[in-house]
Structures are given as structure tokens and as C-alpha cells.
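Undergrad: need a structure here:
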Amino acid sequence: MADDIEAGKGDQVDFKQALALLHGHPALAGLELSESQWEQLDQFCQFLAAYNEKVNLVSNTSAETLVGRHILDGLTVAANIYLSKMSRGKLIDIGSGGGLPAMVVAIACPELEVTMVDSVGKKVIFLNEAGLHLGLNTRALAARAEELSREKGERASYDLATARAVGTLALTLELCLPFLKRNGIYLAQKTTGRLEDELKEAKPMMRELECRVEQIKTFAQMPGVEDSVILVIRKIDTTPHYYPRPWAKIKASKT
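TA: From the prediction side, this is the model:
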């Protein structure tokens with residue numbers, strides 16, 4: 001697959017102009033990327049767009065959407081990682097799909113060990129090929145988060161967690177918190193529209209899982225798109241052994 005994508009380079013879109021518009025973006029305060037890192041972001045966009053023609057990873061690979069929405073979202077996560085002084089730890093991303101935000105974070109935070117988890121094998125193959133293509137400190141696993149977090153070496157082993165567009169805050173808390181060490185941080189990406197309702201719904205789960213919201217950061221998105229929010233959620237104590245529940249029980253509790 002990677003060889004086929006390399007062969008099709010001549011048909012690729014130039015994302016550099018859109019990426020240049022992100023330089024100095026207010027949401028990225030504290031994040032300084034080298035020219036080689038901006039080049040890696042361009043290469044990732046090219047690789048993703050070409051691969052997307054064969055495997056459905058994202059719905060829109062235009063420069064405006066891929067860079068102005070998805071890459072920007074990933075870079076805001078990276079900016080918060082630097083602000084948290086955790087850029088040399090271990091991060092796990094649940095439901096990684098096309099590598100957003102995990103691949104972007106891996107480019108922006110090269111000393112961070114990034115593990116990506118997805119239940120769809122084709123997406124995991126893409127993630128591993130993309131990481132190899134770009135020379136990143138990443139690995140991708142074909143697994144379900146609620147099962148993987150019970151494995152030795154995975155539970156309570158990470159400093160950071162992300163889970164963009166996986167589900168509600170209550171759901172992603174249950175999936176992410178078991179992976180985190182005590183004092184680890186879950187960077188929850190949300191939009192402003194349902195934030196108040198999701199926070200209210202997630203309160204019981206936050207008490208169960210011994211975590212708290214330390215910061216709520218809002219930043220403007222591209223025109224016509226809801227503003228984005230990052231919740232900085234800290235794990236205070238050990239996750240009870242019965243979390244996460246089996247998927248059937250999680251699903252039943254949402255209906």
C-alpha cells in the first residue's frame with residue numbers, strides 16, 4: 001500500500017499554504033515547531049489524502065478541512081501537552097481512525113511515545129505505515145479499549161490520553177482513565193454545543209473514576225464550525241478494578 005501511495009505522488013494536493021496559515025495561531029501559544037516538523041505535517045496530509053482514496057479514513061481531505069480543522073485540533077492538543085510539561089511521557093489515543101489527533105501530536109512532540117488504538121484493522125495498518133513513513137515514535141494496535149486496558153503493561157501505564165470523536169465525555173472517561181497513571185491527564189476534545197450537558201452527564205462517572213476537570217480551554221474554529229474545547233482532566237487516584245465495564249454493559253447504560 002505504501003509503495004502505491006509513493007508512486008502516486010504527482011497527483012497529491014499541496015497543503016503547505018493551508019499549514020502556513022496556522023503559524024502564530026492564538027490557539028497554539030507555547031508550541032514552537034521547526035521547519036522539518038511543518039514539512040512532516042505536510043507529508044502526513046499528503047499520505048492521508050492518498051491513502052483515503054483506498055481506505056475510508058476521513059470524510060473530507062480538502063486542505064481547508066484537513067488542515068483548518070483536523071490538523072489545528074491536533075496541534076492544540078500538542079500545545080496543551082507542552083504547557084503541562086508532559087512532552088516526554090507516554091500517550092494513548094483511543095479510536096485513532098485516520099490518526100487525528102495522535103499522528104499530529106507525534107509530529108509536534110517527537111519525544112512522546114504515542115500508542116494508537118483502533119478496532120478496525122485497515123485503519124491500524126494505515127497508522128503503522130504512516131508512522132513508519134514519517135519516522136515517528138508511534139505504534140498502532142488493533143484492539144478494543146475496554147479489553148486492552150486490562151492487559152498487563154497497558155493499565156495505569158500512560159501519562160496522557162486522547163479520544164477524539166469517540167463518544168460522550170462519560171463514555172470516553174470510562175475508556176481512557178484506566179490507561180492513565182495516577183496524576184495522568186486526559187485531554188478531552190469537545191465542541192461548545194453540548195459541553196454543558198456532557199459535563200453534567202459525566203459527573204457521576206468522574207466521581208467513580210476519581211478525576212477532576214482542571215481547565216476548560218475554548219478556541220475558535222474555521223467559519224461555520226462550532227468552536228472547539230479542550231478539557232484538561234486529571235486522574236486523582238487508582239481506577240476501580242471493575243472499570244471499564246464490558247462493552248455490552250457500557251452500551252446498555254447509554255440506552
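
Undergrad: Tell me where the stretch 101-250 of the chain has strands.
TA: Listed in chain order, the strands of the stretch 101-250 of the chain (DSSP state E, counting those that start in this stretch) span residues 113-118, 138-142, 158-162, 180-191, 211-219, 228-235.

Undergrad: Most tightly packed of the ones you listed?
TA: Each of the strands of the stretch 101-250 of the chain was assessed for mean neighbour count using mean count of other Cβ atoms under 10 Å. The highest is strand 158-162, with a mean of 26. C-beta: built from backbone N, CA, C; applies to glycine.

Undergrad: That one pairs with which strands, and in what direction?
TA: The partner list of strand 158-162 in its sheet, established with DSSP bridges, is strand 90-94 (parallel), strand 180-191 (parallel).

Undergrad: Export the ones you listed as a markdown table, with columns for distance to residue 174.
TA: What follows is the strands paired with strand 158-162, written out as a markdown table (distance: least, Cβ to Cβ, whole Å):
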| stretch | distance to residue 174 |
| --- | --- |
| strand 90-94 | 11 |
| strand 180-191 | 11 |
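
Undergrad: got JSON lines for those strands, with distance to residue 222 and mean pLDDT too?
TA: Putting those into JSON lines (distance: least, Cβ to Cβ, whole Å; pLDDT from 0 to 100) gives the following:
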{"stretch": "strand 90-94", "distance to residue 222": "23", "mean pLDDT": "98"}
{"stretch": "strand 180-191", "distance to residue 222": "13", "mean pLDDT": "96"}
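
Undergrad: Now for the chain, the helix or strand with the poorest mean pLDDT.
TA: Least confident element among the helices and strands of the chain, by mean pLDDT, DSSP states H and E: helix 2-7 (a mean of 50).

Undergrad: got the contact list for residue 126?
TA: The contact partners of residue 126, taken as Cβ atoms under 8 Å, 6 or more residues apart in numbering, are 1, 51, 55, 57, 98, 99.

Undergrad: 7 Å instead?
TA: 51, 55, 57 (Cβ atoms under 7 Å, 6 or more residues apart in numbering).

Undergrad: any idea how far the closest residue to residue 68 other than its chain neighbours is from residue 184?
TA: Nearest in space to residue 68, with sequence neighbours left out and distances taken as Cβ to Cβ, 6 or more residues apart in numbering, is residue 222 at 4.4 Å. When Cβ to Cβ, to the nearest Å is the yardstick, residue 222 and residue 184 sit 31 Å from each other.

Undergrad: For stretch 226-242, report the contacting residues that lie outside it.
TA: Taking Cβ under 7 Å, 6+ apart as the rule, stretch 226-242 contacts 73, 76-77, 80, 177-178, 180, 182-193, 195, 208-221.

Undergrad: how long is that stretch from one end to the other?
TA: According to Cα to Cα, to the nearest Å, stretch 226-242 extends 36 Å from its N-terminal end residue to its C-terminal end residue.

Undergrad: pLDDT below threshold where in the stretch 101-250 of the chain?
TA: Within the stretch 101-250 of the chain, not a single segment meets pLDDT under 70.

Undergrad: okay, now residue 88: neighbour count?
TA: Residue 88 has 12 neighbouring residues, counting by other Cβ atoms under 10 Å.

Undergrad: ignore the last one, residue 152
TA: Neighbour count for residue 152, taken as other Cβ under 10 Å: 6.
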